[in-house]
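**Q** sequence and predicted structure are below.
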Amino acid sequence: MIFLWWGCSFLQTDVSVEEYLSAITLENIRIAGKEGEVNIRIQGDRIAGISNISTGDGIDKTGFWIVPAFVDSHVHFAYLPPNGLMLDGGVASAVDLASPVEFLSDSLEPMHLLRSGPMVTAVDGYPTQGWGADGYGLGCADETDVENTISELAYLGVDAIKMPITESPSLTEEQLALGVSHAHALGLRVVTHAMNDAFAQRAARANMDVLAHTPTQPLLAETVAMWSERTVISTLAAFGGAQAAVDNLSALHQSGSNILYGTDYGNLSQAGILEAEIVLLEASGLSGTEIIAAGTENPVLFWGIPDLGFIEEDYKASFLIVSADPSLNPSVLAHPTEVWIDGVRR
């Protein structure tokens, strides 16, 4: 054990001198949303320290800002593998919201991936007759099927359950409510695909937790209120930036809904932080600071993702460096000058 000088105090650490000397310090950089310049020391895959005092031996980042790597809360990696491009674009974690069961065992490290597995749907229901015909949905005939399917997915280690609400064939209100109750009893949140007002109301009545998309048809004030204490994933660009969706997200945001950045990658093919989504979030009334939160701390806290989402000591050194203040110009998030994942520059 050795003692090292850091800032204005001694720190006790278990790292060797060699490890300490191999660490990297980013000097005179600004943390998005905070005042002043700091010096950030990276040790292995972690942020080892943040100091206001320069050591003089680091990499000068004057005029640059640092932002935690993003979480994309709606992707389909089994449908369209990202092949490292998400990581290269500043996305360190994602939530896959429909895949065949076989995909649950695939590793995409160092991407931190949460998965729902197949959607729990009606027999011949969405998405089993379209893009998801190859195992992206599991059809259930009755309440027993719904409960058993959710139990099996929980056993396989899914992180959430997804239950779509669409035109017929779709699960009944009784089947939806039973499925949600069973998933909650197993400690799993429930995400729904519900694209209009009536479906969003059904989802709320069933006590679902998350709208996988911002609905693309106008929502009534009553429906917005039903979702005011729940969570909505944006995916505005995936539907062409429909004005109704932008208006809906604006109303949901104003009502207090928890907004998460998501792109529906797989439906869209551009990996990384999507500028079109950032622009549409701005159009929905989110500030730059709120957009950053929608892609970092909000999903990290909501999904329980460890060690990401914040530029703080002992958190993962997964971040992007940008050339302008993203709280004032959030589009710069889509054009990072550097991306670091787990302490390694991409």
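**A** Received it, and whenever you're ready, just let me know what you need. Numbers count the residues shown, from 1 in each chain.
**Q** checking Val332 next. Helix, strand or coil?
**A** At Val332 the chain is in helix, as set by DSSP: H, G, I helix; E, B strand; the rest coil.
**Q** all numbers from here: first residue = 20
**A** Yes, from this point I'll number from 20; that puts the last item at Val351.
**Q** hmm, Leu339 and it touching each other?
**A** No. The criterion here is C-beta atoms under 8 Å, and Val351 misses it with Leu339 at 9.5 Å. Yep, even glycine has a C-beta here, placed from its N, CA and C like the rest.
**Q** please say which of these two ends up with more neighbours.
**A** Using other C-beta atoms under 10 Å, the more surrounded residue of Val351 and Leu339 is Leu339, with 29 against 22.
**Q** what's the following helix or strand after the helix or strand where that one lies?
**A** Using DSSP states H and E, Leu339 maps to strand 338-341. Downstream of strand 338-341, the first helix or strand assigned by DSSP H and E is strand 357-360.
**Q** and that next one, what does it pack onto?
**A** Packed against strand 357-360 by the contact rule (3 or more C-beta pairs under 8 Å, 6 or more residues apart in numbering; DSSP states H and E) you find helix 104-107, strand 338-341.
**Q** among these, which is the most enclosed?
**A** Neighbour counts (mean count of other C-beta atoms under 10 Å) averaged over each of the helices and strands packed on strand 357-360 peak at strand 338-341, with a mean of 26.
**Q** gap between that strand and the chain center?
**A** Relative to its chain's centre, strand 338-341 lies at 17 Å (C-alpha atoms, centre = their mean, to the nearest Å).
**Q** using CSV, list the CA coordinates for that strand.
**A** C-alpha atoms of strand 338-341 as CSV (Å, rounded to 0.1, in the frame of the first residue of the first chain):
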residue,chain,number,x,y,z
PHE,A,338,-17.7,9.4,-21.5
LEU,A,339,-17.6,11.6,-24.5
ILE,A,340,-15.7,14.8,-25.0
VAL,A,341,-17.3,17.6,-27.0
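**Q** now it: average pLDDT?
**A** Per-residue pLDDT values over strand 338-341 give a mean of 98.
**Q** contacting residues around that strand?
**A** If you take C-beta atoms under 8 Å, 6 or more residues apart in numbering as the criterion, strand 338-341 is touched by 45, 48, 51, 80, 83-89, 109, 292, 330, 351-352, 354-359.
**Q** one more: stretch 118-130?
**A** Stretch 118-130 has contacts (C-beta under 8 Å, 6+ apart) with 95-98, 101, 105-106, 110-113, 115, 134-137, 153-155, 175-177, 360-361.
**Q** what about that stretch, how long is it end to end?
**A** End-to-end distance for stretch 118-130, by C-alpha to C-alpha, to the nearest Å: 17 Å.
**Q** now that stretch: buried residues?
**A** Judged by neighbour count (16 or more other C-beta atoms under 10 Å), stretch 118-130 contains these buried residues: 118-119, 122-123, 127, 129-130.
**Q** out of the residues you listed, list just those in strands.
**A** Within the buried residues of stretch 118-130, no residue falls in strands by DSSP state E.
**Q** out of those, which comes closest to Ala219?
**A** Checking those against Ala219 by C-beta to C-beta gives Ser118 as the nearest, at 24.0 Å.
**Q** elements contacting the helix or strand containing Ser92?
**A** Ser92 belongs to strand 89-94 when elements are defined using DSSP H and E. When contacts are defined as 3+ C-beta pairs under 8 Å, 6+ apart, strand 89-94 packs onto strand 110-115, helix 307-314, helix 316-322.
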